[in-house]
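K.L.:
A predicted structure for the sequence below; I have some questions about it.
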Amino acid sequence: METFDLIIIGAGTAGVSAAMRASEKGSRVCIIEQQKIGGSCFNKGLYPIQLGLNLLKNNKSEFSRDGGVDFKKLFATITNTTSSLSQLWEKKLIDSGVTIVIGRGLPLSSALVQVRSNKETFDFGAKKIILATGSDPVSLPTLPFEDDIIVPMDDILRTKSIPERVFLMGAGHHSCETALFYQKLGSKVFLTSDQSRLFPDQDPDAIDYLEQSLKGLKIKLLLGKKISSYFNNKESLDITLAEGVKFQVDKIILNIDRQGNSDDLDCETLGIMRGARKELLVNDKLETSVPGIYAIGSVIGRKSRPGVSIEEGKIAADNAMGKDRSINYDLVPFIVFSESEIATVGCFSDQAHYKGFRGIEGRVESKDLDFSYLGHSKDGFFKIVADARSGLVIGGQIISPNASQLISLVLLAIKKGMKVGALASLNNEKSGQIEGITVAARLCSKAIKSSIKV
């Protein structure tokens, strides 16, 4: 029987991240996947929507037909591209020395995995196991899924037509980006959340910008409202919210809840504890209730996001190889691919005292920076947050065309314990967007000095 240092079941973003990390550190790794490399991120999640948004923004004429969007051509391009990307990831795994097995993996113990593939069954030995089997969407009791009428977010690419009016239920990164996608397809979009803000735990200024941006695109935000009833009159869906708001749509897309793909893992026999939504329960080391078996990704009970999945994969792989690391979700950037990207990491100033800091921020508007006059958007801002006592950088919020890339510099400053003065002194071209970070850091440093004098 062949034995591996680490066996990973599931080759989505989290599983691949863990496999690459362990292999790079010298472990002998096997990854088991039922379908193809990439998981929901490639086939149902961020990548298809992000690609679709970019295609409609940069190559819209290529997908135009009769004054609208040729959605069949667009969706075919998205599917072909993500398929090519899946093959690229597969090649990277192989080049890194990872063994890929197509089949269904079942852990029989913390040291033995059974694989069922092409009607064959065989076993692998494992020193450690990571479960990354993902999750599936769940409908509401009052809104059961109905083909091409009431659909989960995962089934967007299976649509048979572009709806004239679409109702997105449930907040989150994916909902906001999907709302933008349908708006660019030409649909009238309604977006609801039962909370009063899209992301109440994020920097209020950043969320103000996001909400105003969506409203500016005529996306109807129905925040703090819940659906009371709907009626399919065969020509449209009549929606009534609990607050009495009524409107009609042609399609409902649900992004409300998910449940872990754990039924086929024989958790009860192994002693792996699960939650009410079939999620695998883990500690801060991402280890399940069975020593030596870890779990990562949306199977542990959260809506999937590539940045979080990648970090979980690294942490779990390190711990499986004998490290003692804990996951810190504050140090995973929060990103929304809106018209101007939104990216935050660490604390925002009003929240800093909950983390034991006295936060002071420096802020500069994009319209006051050189890059915004060189063909880029003047919308947005850059914020750097530091602790007034130590001067350490503890957070940052960016709204800019390349915020998802720029936020990595702020994250590096936090991780390396950089003081805000050092961040302010970084050399950069004034025509680049990085100037926003250095100017915001300089203003933050100035604010700290002023607070000390007071």
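P.N.:
All right, it came through fine. Residues are numbered from 1 along each chain as shown.

K.L.:
could you pull up phi and psi at the closest residue to Phe382 other than its chain neighbours?
P.N.:
In space, not counting the residues next to it along the chain, Phe382 is nearest to Gly436; the distance is 3.4 Å by C-beta to C-beta, 6 or more residues apart in numbering. All C-beta atoms are positioned from the backbone trio N, CA, C, and that covers glycine. Backbone dihedrals for Gly436, given as degrees, to the nearest 10, come out at phi -60, psi -40.

K.L.:
please tell me how far Gly436 sits from Glu341.
P.N.:
Distance of Gly436 to Glu341, computed by C-beta to C-beta, to the nearest Å: 13 Å.

K.L.:
now swap in Ala403 and tell me
P.N.:
As for Ala403, its distance to Glu341 is 4 Å (criterion: C-beta to C-beta).

K.L.:
give the residues shared as contacts by these two.
P.N.:
Counting by C-beta atoms under 8 Å, 6 or more residues apart in numbering, the residues touching both Ala403 and Glu341 are Ile335.

K.L.:
which of the two has more neighbours?
P.N.:
Neighbours of Ala403 and Glu341, each counted by other C-beta atoms under 10 Å, are more numerous for Ala403; the result is 26 against 19.

K.L.:
mind listing what the more buried one touches?
P.N.:
Ile335, Ser340, Glu341, Ile342, Ala343, Gly380.

K.L.:
with Lys355 instead?
P.N.:
Asp330, Cys347, Ile394.

K.L.:
how about Thr82, nearest residue that isn't a chain neighbour?
P.N.:
The nearest residue in space to Thr82 (C-beta to C-beta, 6+ apart) is Phe42, at 4.5 Å.

K.L.:
before we move on, back to that, let me have the contacts of Lys355 in TSV, extended by neighbour count and pLDDT.
P.N.:
What follows is those, written out as TSV (neighbours: other C-beta atoms under 10 Å; pLDDT from 0 to 100):
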residue	neighbour count	pLDDT
Asp330	14	89
Cys347	26	93
Ile394	29	97
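
K.L.:
of these, closest to Ala126?
P.N.:
Within those, the smallest distance to Ala126 is 31.9 Å, found for Asp330 (C-beta to C-beta).

K.L.:
pretty sure that closest one contacts Cys347?
P.N.:
Yes. Applying C-beta atoms under 8 Å, one finds Asp330 in contact with Cys347, separated by 7.5 Å.

K.L.:
can you give me phi and psi for Gly97?
P.N.:
With angles defined as degrees, to the nearest 10, Gly97 sits at phi 90, psi 10.

K.L.:
quickly note the distance from it to Ile156.
P.N.:
From Gly97 over to Ile156 (counting by C-beta to C-beta), the distance is 36 Å.

K.L.:
who has more neighbours out of these two?
P.N.:
Regarding Gly97 and Ile156, a neighbour count based on other C-beta under 10 Å identifies Ile156 as having more, with 22 against 13.

K.L.:
adjacent strands (with direction) for the helix or strand encompassing Ser228?
P.N.:
Element membership for Ser228 (DSSP states H and E) is strand 227-232. Applying DSSP bridges, strand 227-232 is found paired with strand 237-241 (antiparallel).

K.L.:
may I see the buried residues of the next helix or strand after the strand it pairs with?
P.N.:
Proceeding N to C from strand 237-241, the next assigned helix or strand is strand 246-249, under DSSP H and E. The neighbour-count criterion (16 or more other C-beta atoms under 10 Å) identifies Phe247, Gln248, Val249 as the buried residues of strand 246-249.

K.L.:
stretch 351-368 now?
P.N.:
Of the residues in stretch 351-368, those scored as buried under the neighbour-count criterion (16+ other C-beta under 10 Å) are Gln351, Ala352, Phe357, Gly359, Ile360, Glu361, Gly362, Arg363, Val364, Glu365, Ser366.

K.L.:
contacts for the helix or strand that contains the fifth one?
P.N.:
In this structure, Ile360 sits in strand 359-365 according to DSSP H and E. Taking C-beta under 8 Å, 6+ apart as the criterion, the residues outside strand 359-365 that touch it are 347-353, 380-388, 394-395, 420, 436, 439-448, 451.

K.L.:
and Thr77, what does it touch?
P.N.:
The neighbours of Thr77, taking C-beta under 8 Å, 6+ apart as the test, are Leu55, Phe63.

K.L.:
and Ile7, what is it in contact with?
P.N.:
Applying C-beta under 8 Å, 6+ apart, one finds that Ile7 lies in contact with Val29, Cys30, Ile31, Ile32, Gly105, Val113, Phe124, Ala126, Lys128, Ile129, Ile130.

K.L.:
quick revisit: what does the strand holding Ser228 rub up against?
P.N.:
Residues outside strand 227-232 that contact it (C-beta under 8 Å, 6+ apart): Thr142, Leu143, Ile149, Met169, Thr192, Leu237, Asp238, Ile239, Thr240, Leu241, Ala242, Ile252.

K.L.:
can you give me the buried ones in the longest helix along the chain?
P.N.:
The helix that spans the most residues within the chain, counting by DSSP state H, is helix 71-95. Neighbour counts using 16+ other C-beta under 10 Å place Phe71, Leu74, Phe75, Thr77, Ile78, Thr81, Thr82, Leu85, Ser86, Trp89, Glu90, Leu93 of helix 71-95 among the buried residues.

K.L.:
pLDDT wise, what is the fifth one at?
P.N.:
Looking at Ile78, its pLDDT is 92.

K.L.:
kindly report the same for the one 4 residues further on.
P.N.:
Note for Thr82: predicted pLDDT of 91.

K.L.:
with distance to Phe4 added, can I get the contacts of Lys355 in JSON lines?
P.N.:
Putting these into JSON lines (distance: C-beta to C-beta, whole Å) gives the following:
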{"residue": "Asp330", "distance to Phe4": "33"}
{"residue": "Cys347", "distance to Phe4": "40"}
{"residue": "Ile394", "distance to Phe4": "40"}
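
K.L.:
max pairwise distance over the contacts of strand 227-232: which two?
P.N.:
For the contacts of strand 227-232, with distances taken as C-beta to C-beta, the pair at the greatest spread is Ile149 and Ala242 (21.7 Å).

K.L.:
which residues touch Ser298?
P.N.:
Neighbour list for Ser298: Ser40, Gly134, Ser135, Arg258, Gly260, Ser304, Ser309 [criterion: C-beta under 8 Å, 6+ apart].

K.L.:
of the contacts of strand 359-365, just the buried ones, PyMOL syntax please.
P.N.:
Restricted to the buried members of the contacts of strand 359-365, where burial is judged by 16+ other C-beta under 10 Å, the PyMOL selection command reads as follows:
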select buried, resi 347+348+349+351+352+380+381+382+383+384+385+386+387+388+394+395+420+436+439+440+441+442+443+444+445+447+448
